[in-house]
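1. fold the following and give me the result.
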Amino acid sequence: MLTTELSYELPPELIAQKPVEPRDSSRLMVVRRDCQSISHRRFHELSTLLGEHDLLVANDSRVIPARLNGIKPTGGKVELLLLRKLDAITWLGLVGGRNVRQVDIVVGESHIVTATVMPQPDDAGWIITFSEPIDAHLNRVGEMPLPPYIHESLNDPSRYQTVYARISGSAAAPTAGLHFTPKLIEALGHAGIRMAFVTLHVGLDTFKPISEDTVEAHKIHSEWCELPAETADAIAGAKANGGRVVAVGTTSARVLETVASGMRETRSGIHPFHGFTKLYITPGYQFGLVDAIITNFHLPKSTLLAMIGAFMGMDLMNKAYAEAIQERYRFYSFGDAMLIL
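-> Residues are numbered from 1 along each chain as shown. Next up, the predicted model:
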């Protein structure tokens, strides 16, 4: 598949710069694959669009203040973005700056943590080794790693966290979950719609577009994820009762389909999982566990858009995106949502 097939033209003013209030007042495009229909609702109506016994599976990863401003020995400025912790003092990350080998991070009036950095081959990020653990300093000197297309500051950092985020480790928010509120979750429960959780710490692939000529030639990197036993049980129960498994976001879908791939290989039922996934979902992939997806609108030429094209079909996806632009939906991390049934 040509990467250009994942392109579209977006008016810049449709890139959402701030989240709406309240969270669940965002718009919701409802796309039904069976009849190829598109309708327009609000996210707070979600409980009326799903059925009793449906199960929402959401990513409970929490964003860490992973953006650090540093100084080279020559005085030049450097930006570090921490993506994944490798050991007590070593991280995989991204480095912004030229000819960088050493960075000083000021963490106190007279305290500096030094980092040495080394690029990885194949654009797989940088190895960042600190002179001491940086974790204790992140809340004080780290910044919330908002995407580069968001140019306005965020007054409340908690708005870049889901209300159910609990396990720290992501360098970006699982943004489909930003629309949920405690009140909406309660309404879903009253309608017989349960929620269960997986964890996937969002890393390098969120920041790396597909640059190869074909989608299949892109090399995807691994991200750590977990599907706990209680979620495996909840999925099995939902399926047994005729309910659908609704992935809240592409990260949750990736965890679910990683488990589904293991089920196909071992010819077994659903089981807990923890470890790294390199699953790359492109058009032609056959989904095993995911019956529906809630997602935001994604960047062109991204692996996330490739996954959505695989789930809903490229023709229907192109139609939905064209209508979203025509109807002036808000795009990307702080934008509106889509429910694909």
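2. got the buried residues for stretch 44-59?
-> By neighbour count with 16 or more other C-beta atoms under 10 Å, stretch 44-59 contains the buried residues 44, 46, 47, 49, 50, 53, 54, 55, 56, 57, 58, 59. C-betas here are computed from N, CA, C, even on glycine.
3. what does stretch 329-341 give?
-> By neighbour count on 16+ other C-beta under 10 Å, the buried set for stretch 329-341 is 329-341.
4. got the buried residues of stretch 44-59 as JSON lines, with secondary structure columns?
-> Conversion of the buried residues of stretch 44-59 to JSON lines gives the following (DSSP: H, G, I helix; E, B strand; the rest coil):
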{"residue": "44", "secondary structure": "helix"}
{"residue": "46", "secondary structure": "helix"}
{"residue": "47", "secondary structure": "helix"}
{"residue": "49", "secondary structure": "helix"}
{"residue": "50", "secondary structure": "coil"}
{"residue": "53", "secondary structure": "coil"}
{"residue": "54", "secondary structure": "coil"}
{"residue": "55", "secondary structure": "strand"}
{"residue": "56", "secondary structure": "strand"}
{"residue": "57", "secondary structure": "strand"}
{"residue": "58", "secondary structure": "strand"}
{"residue": "59", "secondary structure": "strand"}
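5. just the closest of these to residue 172, please.
-> Taking C-beta to C-beta as the measure, residue 172 lies nearest residue 59 of the buried residues of stretch 44-59, at 11.1 Å.
6. so who does residue 119 touch?
-> Shown in contact with residue 119 (C-beta atoms under 8 Å, 6 or more residues apart in numbering): 95, 126.
7. could you rerun that using 6 Å?
-> Counting by C-beta atoms under 6 Å, 6 or more residues apart in numbering, residue 119 makes contact with residue 126.
8. just to revisit the earlier point, which one of the buried residues of stretch 44-59 is nearest residue 108?
-> Comparing those against residue 108 with C-beta to C-beta places residue 59 closest, at 33.9 Å.
9. so the closest one sits against residue 250, correct?
-> No. With contacts counted by C-beta atoms under 6 Å, residue 59 stays clear of residue 250, the gap being 9.3 Å.
10. now the residue lying closest to residue 225 once chain neighbours are set aside: how far from residue 275?
-> The shortest distance from residue 225 to any non-neighbouring residue, by C-beta to C-beta, 6 or more residues apart in numbering, is to residue 200 (4.0 Å). Using C-beta to C-beta, to the nearest Å, residue 200 is found at 11 Å from residue 275.
11. show me which of these two is the more surrounded one.
-> Set residue 200 next to residue 275 and count neighbours by other C-beta atoms under 10 Å: residue 200 wins out with 26 against 9.
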